Structures are given as C-alpha cells and as structure tokens.
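Q: got a structure for you, letters missing:
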C-alpha cells in the first residue's frame, strides 16, 4: 500500500523541541521529493520545507528557517522534521507529502497534531 504516515506530534511548552517523522511505504523514497506542510486552525495550509531525492537539497520557508532541520533516513524510508524553539504560533496539524518536481503534492499523509502552550 502506497502511503505516508506522520508521527511525533504532541503537546509541548514554548521553547521545546520536537522531531516529526514521515514514514513512506509502498514506493521507493529515493525516487521522490518529500515536503512538510502545516495547517493551523482558520489558516491556509503553509509549506514548511522539502528535501530532494539525494537528501542533500533542502528548502525552508521563512517562518521555520533557522529553527528547523529536514533530513532523511533512506534505510528507513523516513523523512524527519526537527523543530526547535517552538512557539505557540507553531500549533497546527503537520503533514508530509510526496511532491513532484514543481512542488505539487501527489500523496498526503494523515497528519500529526502539534500543540505548543505558552
């Protein structure tokens, strides 16, 4: 079954760190780009970061740049998003997606909730 499964979310205090995981199955991750998005209540979905097939190319949006690191473990077919110094405004459902060369999502995971208390 082709799917992406996110995990690692939770309820944390401001200033804490979390590592979100996106486990891919049913396809070879090495042939794909994976991106992280988030969707906060009442707001549009926001692109956060993506990483290329090689695992060396990564891109971040300004809201998380400097506080986040995206990485891959090809042996586990998993992409991680390490987020540090979390803020209440980071509260959202975090989703990963397989994207094409234009960044268009092709496959979504179900999401993992991150809640940051002040």
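A: All right, it came through fine. Computed from a predicted model, the values in this text were never measured in an experiment. Numbers count the residues shown, from 1 in each chain.
Q: what segments of this protein are strands?
A: Along the chain, counting by DSSP state E, strands occupy 3-7, 10-13, 18-25, 33-39, 46-51, 58-60, 68-73, 78-83, 92-99, 105-108, 112-117.
Q: columns mean neighbour count on top of the ones you listed, output as CSV?
A: (Each C-beta comes from the backbone N, C-alpha and C, glycine too.) As requested, those are exported to CSV (neighbours: other C-beta atoms under 10 Å):
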stretch, mean neighbour count
strand 3-7, 18
strand 10-13, 13
strand 18-25, 19
strand 33-39, 22
strand 46-51, 20
strand 58-60, 16
strand 68-73, 18
strand 78-83, 23
strand 92-99, 22
strand 105-108, 14
strand 112-117, 16
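Q: which one of the ones you listed has the lowest average pLDDT?
A: Of all these, the minimum mean pLDDT falls on strand 58-60 (a mean of 77).
Q: what about stretch 27-37, distance to the chain center?
A: Centre-to-centre, stretch 27-37 and its host chain are 11 Å apart (C-alpha atoms, centre = their mean, to the nearest Å).
Q: contacts for it, please.
A: When contacts are defined by C-beta atoms under 8 Å, 6 or more residues apart in numbering, stretch 27-37 is touched by residues 2, 4, 20, 22, 24, 45-53, 70, 72, 74, 77-79, 81, 94-101, 103, 105.
Q: go again with 6 Å.
A: In this structure, residues lying in contact with stretch 27-37 by C-beta atoms under 6 Å, 6 or more residues apart in numbering are 2, 45, 47-53, 74, 77, 79, 81, 95-99.
Q: what's the first-to-last distance across that stretch?
A: Criterion C-alpha to C-alpha, to the nearest Å; first-to-last residue distance in stretch 27-37 is 20 Å.
Q: so what pLDDT did the closest residue to residue 118 other than its chain neighbours get?
A: In this structure, residue 118 finds its nearest non-sequential neighbour in residue 88, 4.8 Å apart by C-beta to C-beta, 6 or more residues apart in numbering. Model confidence at residue 88, given as pLDDT, is 96.
Q: ok, residue 88 - contacts?
A: Residue 88 neighbours (C-beta under 6 Å, 6+ apart): 14, 116, 118.
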